[in-house]
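*Asks:* Build me a model:
(3 chains)
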Amino acid sequence: MTIIDRPSTDVAIAGGAPAGVKPSEALGVFKRPAASTSWRDWVVTVDHKKLGIMYGVTAFFFFIVGGVEALLIRLQLIAPDGKVLNADQYNQMFTMHATTMVFLFVMPMAAAFANYFVPLQIGARDVAFPRLNAFGFWCFLFGGLFLNSSWFLGGGADGGWFMYAPNSSTLFSPSLGIDFWTLGLQITGIASLTGAINLIVTVLNMRAPGMKMMRMPIFTWMVLVTQFLLLFAIPVITVALFLLTFQRSFDATFFDVASGADPLLWQHLFWIFGHPEVYIMILPSFGIISEVLPVFSKKPLFGYPIVAMSGAAIGFVGWGVWAHHMFASGLGPVSVTVFSMATMAIAVPTGVKIVNWVMTMWGGKLSFTVPMLFAIALVVQFTIGGLSGVTHAVAPSDTQQTDTYYIVAHFHYVLFGGAVFGLFSGFYYWWPKMFRRQLNEGLGKWNFWLMVIGMNLTFGPMHILGLQGQPRRMGVWTEARAGEGFFNFGFWNQIASIGSFILGFGVLLFLVNVIYTHKSKKVAISPLDPWDARTLEWMTHNPPQEHNFDTIPTVGHLDEFFHRKYETDASTHAVKQVHSAEEVMAELNAHPDEHIHMPSRSYWPILLALSLPVIAYGLIYNRMLMAVGAAMTLLTMFGWSMEPSTSPDDDFDPPAPGEGGGHTKELSPLG
Amino acid sequence: MAETAISHGHDVGHGAHSSTGLSNNKLGMWMFLGSECLLFGGLISTYMLYKGRVNAGPQPDQIFDIPFTSVSSFILLMSSLTMVLAVSAAQRKDERNMNLWLVITALLGATFVGGQVYEFTAFYREGLGFTTSLFGSSFYTLTGFHGVHVSVGIIMLMALVGMNRNKRIPGDRAEVVELVGLYWHFVDIVWIIIFTLVYLIPS
Amino acid sequence: MSTATEHSEQTEHTDGHEAEHHGLSDKQYIYIALILAALTAIEVSTYYVDFGPFFMPTLFILMIVKFVTVVSYFMHLKFDNKLFTYLFYSGLLLAIAVYCGFLATFKFFLQKG
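*Replies:* Here you go, the predicted structure:
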């Protein structure tokens, strides 16, 4: 039932090989499916690299959507008595902005990098469950589209991204927006959960020979911790979303105060998910800069084991702090104290990382390329955001800060200055590996500086606004109540709004850079190892072939690629280059594996994923449609389970000595 | 592959050339079950929070039929036995007994679900609806989720029997049966918790 | 290398080795099931018999014993690689810790005797 393409020996690059480029060394005899360049290949692909690109493109699209929503908010607040959005639209705008940025941009963009690079970094040829990987992507896409279809079907969700009860009930929020929100997030949640299982099994089980856990790159470590957080946090929000759906659609009493319900039930369930969620958003970016900083400091990462372990510590302690989002909710002094102390504790492993990053750069030979600029900016901006976070941990001061713009300032510094800057660092760093060209440095610097200036102009003043009492979600301000002098609300709101447009323009420059880089005839094809990097993903072609490595490398060190290029003199401790990247590649591929069989393409993932929004639309509009969707789910699950994960005669790895061929690697119905 | 850290555990399954020596699928299933603990934990906690809160509608001790539910629980417990016998048969490549025990497990599971349906309709007639009270909403949601999980398990069991008949099970059949078994046992242990916390401990 | 030896031993003794590896015979499974049934009977008896102050502890202990028995023997966790144990129990213990914390903020454990 799989679509099997004719084998070919064409260079497997979408768009074909441009003239003048040496085709990737096609050594040896391979048996691999052809990569076709039509759109159909993308629809049925199970290749982690293609899926990574699809995640990335989709996530960036939603970044623009969320960004437009933000700019509309800032336009509304740039002047007193704003008329851009009425109150109801404003509610929708901030709800959808946050929901989109958190669930449809930051999380999936991290997933994009994780999908593309984790298998490469550990020396694997794909993830453990390639079809499940594809299914996850389609769930994300369809869930995100379903969620945003609310705009055209009566309005977006309007209860704030954390959707507090009882405001989220049909009594106070009668439009369908919240129903789209709950069901859309359930669908994208499935993507996260299946992705988590996939990546954890991949990292635990599919490392190259010699790739011990403590030799894995930090990006892979951070992704691993993130997946564990997802694995355990997603079910909690799943429960919360089901309770809300049952309340709204079937009149359950979970958040119905008149029936004796406690609104705090929602808050607890949401934040038990919500706090690990913020670490889910930041850890991958921490991982990215842990790759970038050493490369552009020409020094190994300072304190590798500590950086890895502090990531795990953050993941662990992060489960014990959720109620710091609820200090003003009437928890009582005992609970508040406990969570306040736990929150202070979690600053420690985070601070440890900052120290390690700074010490990595200290004494290094720094080169301020654009990826390095974004990485350094993360360290600076996240520290600022972390400092305001520490002030929130102190419960008495948080009582003043909570629900004000001071909080908005905090989380935008850590999320934009932290997570997003890390992602941009990743774009510039890994672009040549994925797309064969380096993004233009000049445009990149403009992109960077406009984003930094824009970001600080937008969110910096929000500290002042918050402490002066501007509440969150405030839809309009007036001159009369704007205050005097330095703390005039109006002035700082105007600055913030101007800053947001500078920021938006900076993001636009990134897109300009991308287009320029790929349209211009003057941009050279990137060498294999443009940055003189340290980790395995650079020991591949540009872009990596479908099977990633002609031969799976045997790993002897942390930063294996670096160690193949450089030797340290035992007596002088001088480091000198002994091999170029090309030489390392040639040596690695001197005896390429024969009969590499990659997992086969399949259309079941997209079909199964498609059935989910059908059920969701059915729940909202027509119960018959629900039944149709459910039938579709059942049938596609059967189809999937009866399909072998690889076409017969295929295998992931070369057969071990003594073992016959034709043995499939993936065994279960959900493989 | 000389340097791969393959564990000497009993689970170097057929063709599992993995860094841990463990099967991908089994690892995936155990992780899924770990995440399900968080799912059921949330539903159980919601129930525990809400069960004694208000006096509206029938209360647990007024409506539960412990003898009936005890029989149901016993049936589900025994289905775990028949499941493990099915796995054992699959590992011995004893196809006939494997199918037999799979079918019996599915039947016991279906009996359990039937018992739940009977129980729910009885409660409803006695005045406990889904929307009646906090107890009603959280009880039906918790036990309903569990019942759906059991039903999905029954479908998987019958699918196994059917696919086996048509020789459509890809890969290692014994492992597939084992993994379905893990899911089934998990559903049983969730009920062990629910039976105690919900039924046997009065409000 | 010992890996190679063990590997070849495994391929030579398939069926018997499997049963041995998977720990228990059918008879032993039935025996365990009978124990579980007996424990369930004791649990149910708390409905009829007044256990006094032992009511809650008995039920909790029985619940845990049944849970661990099914997980360790029927789900074979006791005989499998420890990684499975760590993965599953970390999820379980996290759930218990987080949800008990959640209930504690509602003073759930203080309300009754």
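
*Asks:* Extract the C-alpha set from the one helix or strand in chain B whose mean pLDDT sits lowest and format it as CSV.
*Replies:* Counting by mean pLDDT, DSSP states H and E, chain B has its least confident helix or strand at helix B:60-63, which shows a mean of 90. Only the C-alpha atoms of helix B:60-63 are listed here, as CSV (Å, rounded to 0.1, in the frame of the first residue of the first chain):
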residue,chain,number,x,y,z
PRO,B,60,-22.0,8.2,45.8
ASP,B,61,-23.0,6.1,48.8
GLN,B,62,-26.7,6.3,47.8
ILE,B,63,-26.2,5.2,44.3
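
*Asks:* Name the nearest residue to residue 134, sequence neighbours excluded.
*Replies:* You didn't say which chain, so I picked chain A. A:Pro605 (3.8 Å; Cβ to Cβ, 6 or more residues apart in numbering or on different chains). Bear in mind the C-beta positions are built from the backbone N, C-alpha and C, glycine included.

*Asks:* Oops, wrong one, chain B.
*Replies:* Distances taken as Cβ to Cβ, 6+ apart put B:Tyr50 closest to B:Leu134, at 3.9 Å, once the chain neighbours are dropped.

*Asks:* which residues does the one you found contact?
*Replies:* A:Phe254, A:Gly260, A:Ala261, A:Leu265, B:Leu134, B:Phe135, B:Ser137, B:Ser138 (Cβ atoms under 8 Å, 6 or more residues apart in numbering or on different chains).

*Asks:* of all these, which comes closest to chain C?
*Replies:* A:Leu265 (8.7 Å; Cβ to the nearest Cβ).

*Asks:* what about the helices in chain C?
*Replies:* With DSSP state H as the criterion, chain C has helices at C:2-12, C:15-21, C:26-48, C:55-69, C:82-105.

*Asks:* State the distance from A:Thr540 to chain C.
*Replies:* Going from A:Thr540 to chain C by Cβ to the nearest Cβ, to the nearest Å gives 29 Å.

*Asks:* Does that residue touch A:Pro432 like I think?
*Replies:* No - judged on Cβ atoms under 8 Å, A:Thr540 makes no contact with A:Pro432 at a distance of 11.7 Å.

*Asks:* Output the contacting helices and strands for the helix or strand in which A:Arg40 is found.
*Replies:* Applying DSSP states H and E as the criterion places A:Arg40 in helix A:39-44. With contacts taken as 3 or more Cβ pairs under 8 Å, 6 or more residues apart in numbering or on different chains; DSSP states H and E, helix A:39-44 sits against helix A:48-76.

*Asks:* got the angle between the following helix or strand past the helix it packs on and helix A:48-76?
*Replies:* Next along the chain after helix A:48-76, taking DSSP H and E as the criterion, comes helix A:87-99. Inter-element angle recorded for helix A:87-99 and helix A:48-76: 150 degrees (by axes from the mean of the first three to the mean of the last three Cα atoms, to 10 degrees).

*Asks:* Check which residues of the next helix or strand after helix A:87-99 are buried.
*Replies:* The first helix or strand that comes after helix A:87-99 along the chain, using DSSP H and E, is helix A:107-121. Using 16 or more other Cβ atoms under 10 Å in any protein chain shown as the test for burial, helix A:107-121 gives A:107-121.

*Asks:* quick revisit: which one of the helices of chain C lies closest to A:Leu229?
*Replies:* For the helices of chain C, proximity to A:Leu229 was assessed by Cβ to Cβ; helix C:82-105 is nearest, at 10.5 Å.

*Asks:* Name the residues that touch the closest one?
*Replies:* A:204, A:231-232, A:236, A:264, A:268-269, A:272, A:319-320, A:323, A:331-332, A:335, B:9, B:20, B:22, B:26-27, B:30-31, B:33-38, B:40-42, B:44-45, B:48-49, C:71, C:77, C:109.

*Asks:* and what of stretch A:349-365?
*Replies:* With Cβ under 8 Å, 6+ apart, stretch A:349-365 has contacts from A:286, A:289-290, A:293-294, A:297-303, A:306-307, A:310-311, A:313-314, A:317, A:376, A:379, A:382-383, A:386.

*Asks:* Can you tell me the closest non-neighbouring residue to A:Ile606?
*Replies:* A:Trp138 (4.7 Å).

*Asks:* same question, A:His275
*Replies:* A:His275 sits nearest to A:Trp322 (Cβ to Cβ, 6+ apart), 4.2 Å away.

*Asks:* give me the low-pLDDT residue ranges for chain C?
*Replies:* Within chain C, the stretches with pLDDT under 70 are C:1-23, C:112-113.

*Asks:* on that earlier part again, can you classify the residue nearest to A:Ile606 by secondary structure?
*Replies:* Recorded secondary structure, A:Trp138: helix (DSSP: H, G, I helix; E, B strand; the rest coil).

*Asks:* swap in A:Glu567?
*Replies:* strand.

*Asks:* Quick check: it vs A:Asp532, distance?
*Replies:* Separation of A:Glu567 from A:Asp532 (Cβ to Cβ, to the nearest Å): 15 Å.

*Asks:* These two - which one has more neighbours?
*Replies:* A:Asp532 (17 against 13; other Cβ atoms under 10 Å in any protein chain shown).

*Asks:* So which bits of chain C are right by chain A?
*Replies:* C:7-8, C:11, C:83, C:91, C:94-95, C:97-98, C:101-102, C:104-107 (Cβ under 8 Å from any Cβ of the partner chain).

*Asks:* ok, now with 6 Å
*Replies:* For chain C, the residues in contact with chain A (Cβ under 6 Å from any Cβ of the partner chain) are C:Leu94, C:Val98, C:Phe102, C:Thr105.

*Asks:* what about residue 179, neighbour count?
*Replies:* Because you didn't say which chain, this covers chain A. Count around A:Asp179 with other Cβ under 10 Å applied: 23.

*Asks:* looking at chain B here, not the other one
*Replies:* For B:Leu179, using other Cβ under 10 Å, the count is 24.

*Asks:* Is it in contact with B:Gly28, as I believe?
*Replies:* No - B:Leu179 lies out of contact with B:Gly28 (Cβ atoms under 6 Å); the separation is 8.6 Å.

*Asks:* Stretch C:34-49: which residues count as buried?
*Replies:* Here stretch C:34-49 shows C:Leu36, C:Leu39, C:Thr40, C:Glu43, C:Val44, C:Thr46 as buried, counting by 16+ other Cβ under 10 Å.

*Asks:* what's in contact with it?
*Replies:* B:Ile66, B:Ser70, B:Phe74, B:Leu77, C:Phe55, C:Leu59, C:Leu62, C:Lys66 (Cβ atoms under 6 Å, 6 or more residues apart in numbering or on different chains).

*Asks:* got a list of what the second one touches?
*Replies:* Put plainly, it is B:Ser70. C:Val44.

*Asks:* if I look at it, how far off is B:Phe120?
*Replies:* 17 Å.

*Asks:* Can you pull the phi/psi pair for the nearest residue to A:Pro166 once chain neighbours are set aside?
*Replies:* Excluding the flanking residues, the one nearest A:Pro166 by Cβ to Cβ, 6+ apart is A:Phe255, at 5.0 Å. A:Phe255 adopts backbone torsions of phi -120, psi 20, taken as degrees, to the nearest 10.

*Asks:* Next, the distance between the ends of stretch A:112-131.
*Replies:* 16 Å (Cα to Cα, to the nearest Å).

*Asks:* Oh, that last question was meant for stretch A:535-549, not what I typed.
*Replies:* Using Cα to Cα, first and last residues of stretch A:535-549 are 14 Å apart.
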